[in-house]
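Visitor: here is a sequence with its predicted model. Questions after.
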Amino acid sequence: MQIIKSQYLLFFFISLFAFNNVFSQSDSLKQNNSIANTDTLPQKQKFNKKRLRIVVGTEATLYAGSLIGLNYLWYANYPRSSFHFFDDDNEWLQMDKCGHATTAYYIGRVGIGLMNWSGVEHKKAIWYGGLLGSLYQLNIEIMDGFSSQWGFSIGDFSANTFGSALVIGEALAWDDQRIVLKYSFQQSKYSPYRPNELGSNLKENMIKDYNGQTYWLSVNPYSFMHKGSKFPKWLNVALGYGAEGMTGAVSNPPYFDSNGNPVVFERYRQFYLSLDIDLTRIKTKSAFLKTFFNTIGFIKFPAPSLEFNKYGVKGHWLGF
């Protein structure tokens, strides 16, 4: 179920992000009215009822349409039940929880940007927009709760809440996003063993194969320094988390090669230390580059990294 939810959450996030970038570019580039611009988060727009109607109408359409589609394509194929809970905290070495938090965080960033663009009072914009990711995913968790095949996941709900709390807390405390959640992916060797579960092509692998995903906390040191510091404004330090050896959610199902010999993978966690670039902090007068940097800013920039795991420490020329 996590895979289907991820596909819908990805669609919802991309749609909102594109919507935010298109409308934030309709104003002068000198105006900083989108949270995608992470330097500061000032309120520079007067309240605009027409803009707010556009934002609410578009969000409602995407919101309702995706949930109706999810119900039609997935939940309708399984029997309903009374509301119940389901504990999936031990699945995928918690990689799926990182995905939930990151999704809630970025939907919240987009939500705040759209509220600011509409001229909603700044603190209200932070709360209303920042909670958008958690509220959207909460509805999916509730739908899970009424499905006999799954149930409401407290772990997923907690991860969603963390993502929203991070974006809201930073916006309220600093009018900035100094600690950013990011995502990166490299194809792993495991998907050919279970293509139905982990994906049969690159597009599916990016969503399904947790072995190839890494989630990062990317911290911007410059934003914590005094004004006038010579430290590069765009250079971040990133802490990453990943996992390896997973062909099943809780344990790996048995697999045998063409000679009948068992193929065994050991499941283990990975921790990373790397550098990163916050593309949204790079100054440019180009509307195209500004939109491009904001759109791909959730991706960890390739850079040298150190990996820490149960076997020791190893270096990577490009930590991605």
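Guide: Good, I have the coordinates.

Visitor: only C-alpha atoms from now on, for both contacts and neighbour counts.
Guide: Fine.

Visitor: list the buried residues for stretch 79-90?
Guide: If you call a residue buried by 16 or more other C-alpha atoms under 10 Å, then stretch 79-90 has these buried ones: 80, 88-89.

Visitor: end to end on that stretch, go ahead and measure it.
Guide: From its first residue to its last, stretch 79-90 covers 25 Å (C-alpha to C-alpha, to the nearest Å).

Visitor: can you map out the helices along the stretch 201-320 of the chain?
Guide: Remark: helices assigned in the stretch 201-320 of the chain by DSSP state H, counting those that start in this stretch are 202-208, 287-296.

Visitor: quick one, which of these is nearest to Leu132?
Guide: Between Leu132 and these, the tightest spacing by C-alpha to C-alpha is seen for helix 287-296, at 18.4 Å.

Visitor: packing partners for that closest one?
Guide: With contacts defined as 3 or more C-alpha pairs under 8 Å, 6 or more residues apart in numbering; DSSP states H and E, the secondary structure elements packing on helix 287-296 are helix 2-24.

Visitor: tell me which helix or strand comes right after the helix it packs on.
Guide: Toward the C-terminus, helix 2-24 is succeeded by helix 49-73 as the next helix or strand (DSSP states H and E).

Visitor: what's that next one packed up against?
Guide: Applying 3+ C-alpha pairs under 8 Å, 6+ apart, one finds that helix 49-73 makes contact with helix 2-24, helix 95-117.

Visitor: pLDDT of the very next helix or strand once past the last one, averaged?
Guide: This means helix 95-117. Downstream of helix 95-117, the first helix or strand assigned by DSSP H and E is helix 122-130. Helix 122-130 shows a mean pLDDT of 95.

Visitor: and the contacts of the next helix or strand after helix 122-130?
Guide: Secondary structure here is assigned by DSSP H and E; on that basis, the next helix or strand after helix 122-130 toward the C-terminus is helix 132-145. Judged by C-alpha atoms under 8 Å, 6 or more residues apart in numbering, the contacts made with helix 132-145 from elsewhere in the structure are 5, 9, 63, 67, 75, 82-86, 103-108, 111, 150-153, 156-157, 160-161, 163-164.

Visitor: now, of those, which are buried?
Guide: Members of those classed as buried by 16+ other C-alpha under 10 Å are 5, 9, 67, 75, 103-108, 111, 150-153, 156-157, 160-161, 163-164.

Visitor: so whichever strand or helix holds Gly169 versus helix 122-130, what angle?
Guide: When secondary structure is defined by DSSP H and E, Gly169 falls within helix 154-174. Inter-element angle recorded for helix 154-174 and helix 122-130: 160 degrees (by axes from the mean of the first three to the mean of the last three C-alpha atoms, to 10 degrees).

Visitor: and the next helix or strand past helix 154-174?
Guide: Secondary structure here is assigned by DSSP H and E; on that basis, the next helix or strand after helix 154-174 toward the C-terminus is strand 179-185.

Visitor: what is the following helix or strand past that next one packed up against?
Guide: Past strand 179-185, further along toward the C-terminus, the next helix or strand under DSSP H and E is helix 195-198. With contacts defined as 3+ C-alpha pairs under 8 Å, 6+ apart, the packing partners of helix 195-198 are helix 202-208.

Visitor: state the mean pLDDT of the helix it packs on.
Guide: Model confidence over helix 202-208 averages 88 on the pLDDT scale.

Visitor: next one: stretch 65-81
Guide: Confidence for stretch 65-81, expressed as mean pLDDT, is 81.

Visitor: do the same with stretch 91-98
Guide: For stretch 91-98, mean pLDDT rounds to 95.

Visitor: what about that stretch, distance to the chain center?
Guide: Mean C-alpha position of stretch 91-98 versus that of the full chain (C-alpha atoms, centre = their mean, to the nearest Å) differs by 13 Å.
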